[in-house]
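Novice: I need the structure of the sequence given here:
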Amino acid sequence: MLSAVVAALAAGLVVYSQTIAFYGDEGFHLLAAQLIQAGKRPYLDFFYQHVPLYAYLTAGWFHFVGQGWRSAHLLSALYTGAAIWLAAGLVCALVREPAWRVPAAVIAALLFGLHAGVIQYATVGHPYGFCLLLMMAAFRLTITAVHRERAWWSAGAGLCAGGAVASSLLAVPVLPILFFWMLRHHQVGDRGRKAIGFLAGAAIPFLPLLWLAAQGFRQTWFNILEFHVFHRRDSLPETIVSDLRMLTSLWLESPQGLVPALLAAVGWLFSRDQTEWDPTRRAELALCVWLTLGLGILAACALPTHPAYFVLMIPFLSILASVGTYAIGSRVWWPDRPAWVILLVLGLYVMGLAKPAYQMGKDLDVFMNRWPSRVDVAREVNRVTPEGGEVWADEFIYVAAGRVPPSGLESFYPYDLRLLPASDLPIKLVPQSQLDTWLGAGRFATVAIEVEDPRIEALGLARRYSGHSRVHGYEIFWGRRMGDKKDG
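Specialist: Just a heads-up that it's a prediction; the model follows:
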């Protein structure tokens, strides 16, 4: 039964990833992987505000299976499906009551796999799915390592935890929490060797970052740390107010936030029952609590935060919530009928999917066409662009067209931020004013720009180019008129 549930969830995630899945920030990661495959280096050759492991692994995946959003989405969905299996298997091992072992594991799988954030953000070209898998693997290896004499188990736990952090800084709490928990609950073998093994394993995924930092420390430091600390927000008070509204909506007004949070609180209280849990199981559930709190607090302190950031705490929250459901069902309601408890919890939980599902149903054609429409735009761009001609477009069009952007135009993200003057930035980034000058002068062989962009009229793009077409909400201009400048 558990295998069937997990397989169904994984299959649903794969189908969603190939049809509807789309996230506005995934273009950064997919384009970064495409640029790496073309021989460019993050930070040194283009702006990339994330740690590099996921981009390098995705570039390797592209090398073997081909570039494209579908292959990246498929990989993320498979990562997430494997993470669900690890979380459900852990609950199956934790619960002592035979009648509740599989039902509790099924609840954990459903709370994990049917979470709206997991469906939306862990099935796209983003590190979330990869981090979910690595964190669950690190958790399972850590709780095993304390009972094993050899240090290979702790080294594996460190490797997975370090891989998660080297793919997303939102996973940073995982490393210290797992490390100190392992030392605190060590039982057999040499504690020092296990600590060294964990740290050595954790260091391996950071080798690409160290290699890049050795070639350009200032650029690397700015991209992954200084940018996030000083340049991600305009006004701190406004950011805090906006974040509080978002947190209230996410955790208090949605069944998908409130139901698992309340059940997790019950699970934490129940885990302290010494008659139900032996010391080892209580310690493992306490580790779930620490990981949930650590990941949640860091996500809330991102300033500005985003619902996607809280996806990383969902597996550990789901484990605790399944224990809470087991506590309520076995002690209060239907102790011999776990299926009724599953249906009740699932019914409350999926209410959180009703509103987005209804909206998606009304505009299903739009949701299913977000990536395919950009592929059509990219196909038109490739058709009208002469060989060797420069193209200006957004990241999605570059990815779909398989093109390398002109130097300094690899990222759109900083253009809306109030950064330092371009001359003071340790990154290759064309400022917005310079880009507008180039667009107005007709520098690019082809321009693909959204139809509502005011620069179409302000810069007179229709006068600069002889060719024009409209494809899925994009205006495409090509064929520079005589007399226009080719260079900025």
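Novice: now do the strands in the stretch 201-350 of the chain.
Specialist: In the stretch 201-350 of the chain, no strands are found when defined by DSSP state E, counting those that start in this stretch.
Novice: so where's it uncertain?
Specialist: Applying pLDDT under 70 to the stretch 201-350 of the chain flags residues 333-336.
Novice: need the helices for it, in chain order.
Specialist: 207-215, 217-221, 227-230, 236-251, 255-270, 279-300, 314-331, 338-362 (DSSP state H, counting those that start in this stretch).
Novice: angle of the longest one against helix 255-270?
Specialist: When axes from the mean of the first three to the mean of the last three C-alpha atoms, to 10 degrees is applied, the directions of helix 338-362 and helix 255-270 differ by 160 degrees.
Novice: buried ones in helix 338-362, by neighbour count?
Specialist: Neighbour counts over helix 338-362 (16 or more other C-beta atoms under 10 Å) mark 338, 341-342, 345-346, 348-350, 352-353 as buried. All C-beta spots, glycine's among them, are computed from the backbone N, C-alpha and C.
Novice: the helix or strand following it: which residues count as buried?
Specialist: For helix 338-362, the succeeding helix or strand toward the C-terminus, using DSSP states H and E, is helix 364-368. Within helix 364-368, the residues scored as buried using 16+ other C-beta under 10 Å are Met368.
Novice: now find how far off-centre the helix or strand just after helix 364-368 is within its chain.
Specialist: Using DSSP H and E, the next helix or strand after helix 364-368 towards the C-terminus is helix 370-384. Centroid separation for helix 370-384 versus its chain: 25 Å, with C-alpha atoms, centre = their mean, to the nearest Å.
Novice: and the helix or strand just after helix 370-384, what does it pack against?
Specialist: Next helix or strand after helix 370-384 toward the C-terminus (DSSP H and E): strand 391-392. Judged by 3 or more C-beta pairs under 8 Å, 6 or more residues apart in numbering; DSSP states H and E, the packing partners of strand 391-392 are helix 395-401, helix 432-441, strand 446-450.
Novice: paired strands for strand 391-392, with orientation please.
Specialist: strand 446-450 (parallel) (DSSP bridges).
Novice: and Leu207, which of the helices and strands packed on strand 391-392 is closest to it?
Specialist: Leu207 lies closest to helix 395-401 among the helices and strands packed on strand 391-392, at 26.3 Å (C-beta to C-beta).
Novice: what's the mean pLDDT across the closest one?
Specialist: Mean per-residue pLDDT for helix 395-401: 94.
Novice: thinking again about what came up before, ok, and which of the helices of the stretch 201-350 of the chain has the densest surroundings?
Specialist: Greatest average neighbour count among the helices of the stretch 201-350 of the chain goes to helix 314-331 (a mean of 26), per mean count of other C-beta atoms under 10 Å.
Novice: report pLDDT for the residue nearest to Arg464 when sequence neighbours are not counted.
Specialist: Closest residue in space to Arg464, ignoring its immediate chain neighbours: Gly442 at 4.0 Å, by C-beta to C-beta, 6 or more residues apart in numbering. pLDDT for Gly442: 90.
Novice: for Gly442, grab phi and psi.
Specialist: Per-residue torsions, Gly442: phi 70, psi 40 (degrees, to the nearest 10).
Novice: could you measure from it over to Val15?
Specialist: From Gly442 across to Val15, the span is 44 Å (C-beta to C-beta, to the nearest Å).
Novice: looking at those two, which one has more neighbours?
Specialist: Neighbour tally, Gly442 and Val15, criterion other C-beta atoms under 10 Å: the higher count belongs to Gly442, 22 against 13.
Novice: isn't the more buried one up against Ala462?
Specialist: No - between Gly442 and Ala462 there is no contact under C-beta atoms under 8 Å: 11.3 Å.
Novice: so which strand or helix has the closest residue to Ser407 other than its chain neighbours?
Specialist: Of all residues not flanking Ser407 in the chain, Lys428 sits nearest, at 6.1 Å (C-beta to C-beta, 6+ apart). For Lys428, there is no enclosing helix or strand under DSSP H and E.
Novice: do the same with Ala72
Specialist: Applying DSSP H and E, one finds Ala72 within helix 69-94.
Novice: what about Leu57, which SS state?
Specialist: helix (DSSP: H, G, I helix; E, B strand; the rest coil).
Novice: quick one: it and Phe130 touch, right?
Specialist: Yes - with contact defined as C-beta under 8 Å, Leu57 counts as touching Phe130 (7.4 Å).
Novice: what touches both of those two?
Specialist: Both Leu57 and Phe130 are in contact with Ser167, where contact means C-beta atoms under 8 Å, 6 or more residues apart in numbering.
Novice: show me which of these two is the more surrounded one.
Specialist: For Leu57 versus Phe130, the count of surrounding residues by other C-beta under 10 Å is larger for Phe130: 25 against 20.
Novice: what about the nearest residue to that one once chain neighbours are set aside, neighbour count?
Specialist: Spatial nearest neighbour of Phe130, chain neighbours left out: Tyr79 (5.0 Å); criterion: C-beta to C-beta, 6+ apart. Here the count is done by other C-beta under 10 Å, and Tyr79 has 20 residues near it.
Novice: now do the contacts for Tyr79.
Specialist: 122, 129-130, 132-133.
Novice: among the helices of the stretch 201-350 of the chain, which is nearest Trp371?
Specialist: Using C-beta to C-beta, the helices of the stretch 201-350 of the chain put helix 338-362 closest to Trp371, at 15.0 Å.
Novice: can you list contacts of the closest one?
Specialist: Residues contacting helix 338-362 (C-beta under 8 Å, 6+ apart): 20, 99-100, 103-104, 106-107, 110-111, 114, 116, 254-257, 259-260, 263, 325, 328-329, 333-334, 367.
Novice: SS state for Arg470?
Specialist: strand.
Novice: ok, Phe22 next?
Specialist: coil.
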